[in-house]
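A.B. asks: Would you be able to build a 3D model of this:
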Amino acid sequence: MTTTTLAVLVPLLPFLGAAAGLLLGRTSPGFVRPLAVLPPLASLVLAVTVAVRQGGGQAIDAHTELTPTGSVPIELALHIDGFAAFVAVLVGVVATCVQIYSTGYLRDDPRYPSYAALVSLFTSAMLLVVYSGDLMVLLVGWEIMGICSYFLVGHYWETPEARAASLKAFLVTKLGDVPFLIGLFALATDAGSFRITSVLGTVASGGLHHPTLVALLLLAGVAGKSALFPLHTWLPDAMAGPTPVSALIHAATMVAAGIYFVARLLPVFQASSAAMVVLAVMAGVTMAGSGLAALAQDDIKRVLAYSTIGQLGYMAGALAVGDRGAAVFHLLAHGAFKALLFLAAGVVIHASGTNSLAVMSRMRGLRNRVPDAYWTMTVALLALAAIPPFSGFFSKEAVLGAAEHVATGHTEHAPGAAGWIVLITGMVTAVLTAAYATRLWLLAFHGQGTEAPDHGRQPVTMTAVLWVLAVPSLAFGLTYGPLPDWFDGRDLTPVLTTSVLGTGLALVGVVITYGAWRHTTAMALRVPLGAVAAHPDADAGLVEAEAIASHEPAFGDVAYVPDPADPGRLLLGPLHRHAAVGFHLDAVYHALFVRPVQAGAQLVRFLDREVVDTYVRGAGALPRWLGAAVRRAQTGNVQTYVSALLAGTVVLVVAAVLVATGA
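C.D. replies: Okay, here's the model as predicted:
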């Protein structure tokens, strides 16, 4: 079987599995789990085969015209280079692990058949984006992921949080997709084709007429899909969905799509220095802001959500300095350890019965209840904090090393300003990442208080995949040597300067957070959980709940009630209450967008009811009045009709005489 045929089957098999799952889910429930697991597993095997055959050499290209358009052709095209081959394997690994994990996690869920089918469709759409060589076909997968995320995030639609989160995810990403679509049309107009190779050829020959405008339009869509500032606010709220969905979205699909798109079309963005600086600013704000926000979250899944945003900032930073090899390297490493973090968090939540780190911090011995989750999550958190020799160290150092090269003028792949922005914010974020990773580990697994509840052993399907993902979380970083042969050939070896600084700053974050935890734990042992107001350090400024007033929860601030045992409160000080609600960005969007739209809707309703409806009612009233007047003359009495006839005759005779006399 040819490599092209195998590549076509990679996204096709999960799609067929999704279709079969939807058709047979109710009539043949025994087929649901095999149809959920086997197609992505087979797709993974084929993706590995395609990667081996591609071998990091010449890209595999194949295309056929879908239909004559009369202008810019749309083609079903494949373009598989080293980037595509590796990312497809990542998608297959994470999707298969998520499906296996879900068979245990959602074993009693009545809507599991539709859930499993949507996860397979989600996987198929991401694989289509990865392998597609045509921008319009890529857009199909891009939008299918958007609608799948809407349904999966809203899986628990009975709860208002899930309904609001799914709607918010859909609307915020669509806000970026509109300019994104315009940018795609502009690219195709200049290149005369939607083929990615044709677009890149046009850029290389200087045929792109408005590179800055096109790049900024495309960045809007990337910011929405990959949760970069300022369109990142949907991702923390998406935690209302099932935990395996969070793992899939955060590790291998949806948010990875935007980063992969920029990596694939990086020359388009490099054609504009302004666009590269804008991307660097977006990356810097995303990294630092999400790090501060993660340090203030109480929900374990929201901590990991803001962590994802920060790591996406690192990937965007690597792209902003023109090194897509470092960006995809970090995307691959992050995909493994972030999937592991979410799936392990699901085990912890199942065992403790809560998402709250404050409640977990009052449970003793939780790590003994879930030893698999404890050890594997420790590995993943070390990778997240970029502690050597875990995978996150090598991939993050590749990003910082690339930024240092640009900042010091050793390369001209990007403006020097972009290099300095990414380097400085990346170093700051290294401290913050280590701090919130340490905080999560201490609060979740080293609580002081009552004995943790015992819900028995977790299903093997949930714990086995944790160890599978722990392997790349630990060892994948060591592939920094051969990976350049698959990518652009740029060296991914850690740079001594940034390695020492980055690791040193990470260790500082670990030590400071541990010291703050020891201090706050000693004080909080005297304060019952919930009695925050009784704490000697609490004041009116700290003990507050920011109510969601006159607008939907999806666009409002979450409640802020700090726990005295939280080291994040001590580390952030007065900044904590602002970081806990995402620096009020949702409130800003509500004021800038939601309220004007609501006011416009009220104006339209007023005009419709009071102006248009009044005119329509008036237009109907006049004939009604005339009809009523005429109806009064129709009495049915013959004498009345004869009398009227005679009276009319007399009137006519008199009128005729008067006219004759006047004549």
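A.B. asks: next one: the longest helix seen in the chain to chain centre, how far?
C.D. replies: Of all segments of type helix in the chain, defined using DSSP state H, the longest is helix 160-191. How far helix 160-191 lies from its chain's middle: 11 Å, per CA atoms, centre = their mean, to the nearest Å.
A.B. asks: elements contacting that helix?
C.D. replies: helix 135-153, helix 196-204, helix 211-225, helix 234-237 (3 or more CB pairs under 8 Å, 6 or more residues apart in numbering; DSSP states H and E). To be clear about C-beta, it is placed using only N, CA and C from the backbone, and glycine gets the same treatment.
A.B. asks: let's see it at 10 Å
C.D. replies: helix 135-153, helix 196-204, helix 211-225, helix 234-237, helix 255-264, helix 585-589 (3 or more CB pairs under 10 Å, 6 or more residues apart in numbering; DSSP states H and E).
A.B. asks: how about these in a markdown table, adding mean pLDDT, distance to Thr614 and mean neighbour count?
C.D. replies: A markdown table is the format used below for the helices and strands packed on helix 160-191 (pLDDT from 0 to 100; distance: least, CB to CB, whole Å; neighbours: other CB atoms under 10 Å):
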| stretch | mean pLDDT | distance to Thr614 | mean neighbour count |
| --- | --- | --- | --- |
| helix 135-153 | 94 | 39 | 22 |
| helix 196-204 | 93 | 54 | 19 |
| helix 211-225 | 95 | 41 | 23 |
| helix 234-237 | 93 | 41 | 26 |
| helix 255-264 | 95 | 49 | 26 |
| helix 585-589 | 90 | 36 | 19 |
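A.B. asks: what pLDDT, on average, does the longest helix of the chain get?
C.D. replies: Here helix 160-191 scores 93 as its mean pLDDT.
A.B. asks: hmm, back to that, in JSON lines: the helices and strands packed on helix 160-191, plus distance to Phe487.
C.D. replies: JSON lines is the format used below for those (distance: least, CB to CB, whole Å):
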{"stretch": "helix 135-153", "distance to Phe487": "20"}
{"stretch": "helix 196-204", "distance to Phe487": "16"}
{"stretch": "helix 211-225", "distance to Phe487": "20"}
{"stretch": "helix 234-237", "distance to Phe487": "27"}
{"stretch": "helix 255-264", "distance to Phe487": "9"}
{"stretch": "helix 585-589", "distance to Phe487": "34"}
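A.B. asks: picking up where we left off before, tell me what angle the longest helix of the chain forms with helix 196-204.
C.D. replies: 60 degrees (axes from the mean of the first three to the mean of the last three CA atoms, to 10 degrees).
A.B. asks: May I see the buried residues of helix 160-191?
C.D. replies: 161-173, 175-177, 179-184, 186-188, 190-191 (16 or more other CB atoms under 10 Å).
A.B. asks: Which residue comes closest to Ala506 once chain neighbours are left out?
C.D. replies: Ala434 (4.0 Å; CB to CB, 6 or more residues apart in numbering).
A.B. asks: wait, what's in contact with the one you found?
C.D. replies: 291, 381-382, 384-387, 502-503, 505-513 (CB atoms under 10 Å, 6 or more residues apart in numbering).
A.B. asks: thought Val465 was touching Ala95?
C.D. replies: No. Using CB atoms under 10 Å, Val465 is not in contact with Ala95; the gap is 11.4 Å.
A.B. asks: what residues do those two have in common as contacts?
C.D. replies: Joint contacts of Val465 and Ala95 (CB under 10 Å, 6+ apart) are Ala247, Ala339.
A.B. asks: Which one's more surrounded, the two?
C.D. replies: Ala95 (30 against 27; other CB atoms under 10 Å).
A.B. asks: Contact partners for the more buried one?
C.D. replies: Neighbours of Ala95 in contact, by CB under 10 Å, 6+ apart: 14, 37, 39-41, 43-44, 119-120, 122-124, 126-127, 247-248, 251-253, 339.
A.B. asks: Mind doing that once more with 7 Å?
C.D. replies: By CB atoms under 7 Å, 6 or more residues apart in numbering, the residues touching Ala95 are Pro40, Thr123, Leu248, Ala252.
A.B. asks: what helix or strand does it sit in?
C.D. replies: In the assignment (DSSP states H and E), Ala95 maps to helix 82-105.
A.B. asks: Heading C-terminal from that helix, find the next helix or strand.
C.D. replies: helix 112-131.
A.B. asks: list the helices and strands that following helix packs on?
C.D. replies: helix 3-24, helix 32-54, helix 82-105, helix 135-153, helix 255-264 (3 or more CB pairs under 7 Å, 6 or more residues apart in numbering; DSSP states H and E).
A.B. asks: As CSV, these with distance to Ala452 would be great.
C.D. replies: Shown next, in CSV, are the helices and strands packed on helix 112-131 (distance: least, CB to CB, whole Å):
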stretch, distance to Ala452
helix 3-24, 36
helix 32-54, 30
helix 82-105, 19
helix 135-153, 29
helix 255-264, 32
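A.B. asks: Quick check: which of those helices is nearest to Ile421?
C.D. replies: helix 255-264 (16.4 Å; CB to CB).
A.B. asks: How far does the closest one sit from its chain's centre?
C.D. replies: On CA atoms, centre = their mean, the centre of helix 255-264 falls 12 Å from that of its chain.
A.B. asks: Please save the CA atoms from that helix in CSV.
C.D. replies: In CSV, the C-alpha atoms belonging to helix 255-264 read as follows (Å, rounded to 0.1, in the frame of the first residue of the first chain):
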residue,chain,number,x,y,z
VAL,A,255,-5.1,24.6,20.8
ALA,A,256,-2.2,22.9,19.0
ALA,A,257,-3.9,23.6,15.6
GLY,A,258,-3.1,27.3,15.7
ILE,A,259,0.6,26.8,16.6
TYR,A,260,0.9,24.2,13.9
PHE,A,261,-0.7,26.5,11.3
VAL,A,262,1.8,29.3,12.0
ALA,A,263,4.7,26.8,11.9
ARG,A,264,3.5,25.5,8.5
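A.B. asks: next helix or strand past it?
C.D. replies: helix 266-270.
A.B. asks: Return the angle between stretch directions for whichever helix or strand comes after that next one and helix 211-225.
C.D. replies: Counting by DSSP H and E, the next helix or strand C-terminal to helix 266-270 is helix 273-294. Interaxial angle, helix 273-294 versus helix 211-225 (the same axes, to 10 degrees): 20 degrees.
A.B. asks: Show me what counts as buried in helix 273-294.
C.D. replies: 275-294.
A.B. asks: Then stretch 15-31?
C.D. replies: Quick answer for stretch 15-31 (16+ other CB under 10 Å): Phe15, Gly17, Ala18, Ala20, Gly21, Leu22, Leu24, Gly25.
A.B. asks: Apart from its neighbours in sequence, what residue is nearest the second one?
C.D. replies: Nearest residue to Gly17, sequence neighbours excluded (CB to CB, 6+ apart): Pro39, at 3.0 Å.
A.B. asks: what's the distance between the strand or helix carrying Arg595 and the middle of its chain?
C.D. replies: Using DSSP H and E, the element containing Arg595 is helix 595-606. Its chain's C-alpha centre and that of helix 595-606 lie 29 Å apart, by CA atoms, centre = their mean.
A.B. asks: before we move on, back to that, and after the host helix or strand of the residue nearest to Ala506, which helix or strand comes next?
C.D. replies: Using DSSP H and E, Ala434 sits within helix 416-445. Next helix or strand after helix 416-445 toward the C-terminus (DSSP H and E): strand 450-451.
A.B. asks: which outside residues touch that next one?
C.D. replies: Arg362, Met363, Arg364, Gly365.
A.B. asks: Go again with 10 Å.
C.D. replies: Arg362, Met363, Arg364, Gly365, Leu366, Asn368, Arg369, Leu529.
A.B. asks: Output the next helix-or-strand element following that strand as PDB - backbone C-alpha positions only.
C.D. replies: Note on strand 450-451: by DSSP H and E, the next helix or strand toward the C-terminus is helix 460-475. Provided in PDB are the C-alpha atoms of helix 460-475 (Å, rounded to 0.1, in the frame of the first residue of the first chain):
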ATOM      1  CA  VAL A 460      -7.000  -0.200  35.100                       C
ATOM      2  CA  THR A 461      -7.900   1.600  31.900                       C
ATOM      3  CA  MET A 462      -7.500   4.900  33.700                       C
ATOM      4  CA  THR A 463      -4.200   4.200  35.400                       C
ATOM      5  CA  ALA A 464      -2.400   2.200  32.600                       C
ATOM      6  CA  VAL A 465      -2.400   5.200  30.200                       C
ATOM      7  CA  LEU A 466      -0.800   7.300  32.900                       C
ATOM      8  CA  TRP A 467       2.300   5.200  32.700                       C
ATOM      9  CA  VAL A 468       2.200   5.100  28.900                       C
ATOM     10  CA  LEU A 469       2.300   8.900  28.800                       C
ATOM     11  CA  ALA A 470       4.900   9.100  31.600                       C
ATOM     12  CA  VAL A 471       7.500   7.600  29.300                       C
ATOM     13  CA  PRO A 472       7.600  10.500  26.700                       C
ATOM     14  CA  SER A 473       7.200  13.000  29.600                       C
ATOM     15  CA  LEU A 474      10.400  11.700  31.000                       C
ATOM     16  CA  ALA A 475      12.400  10.700  27.900                       C
END
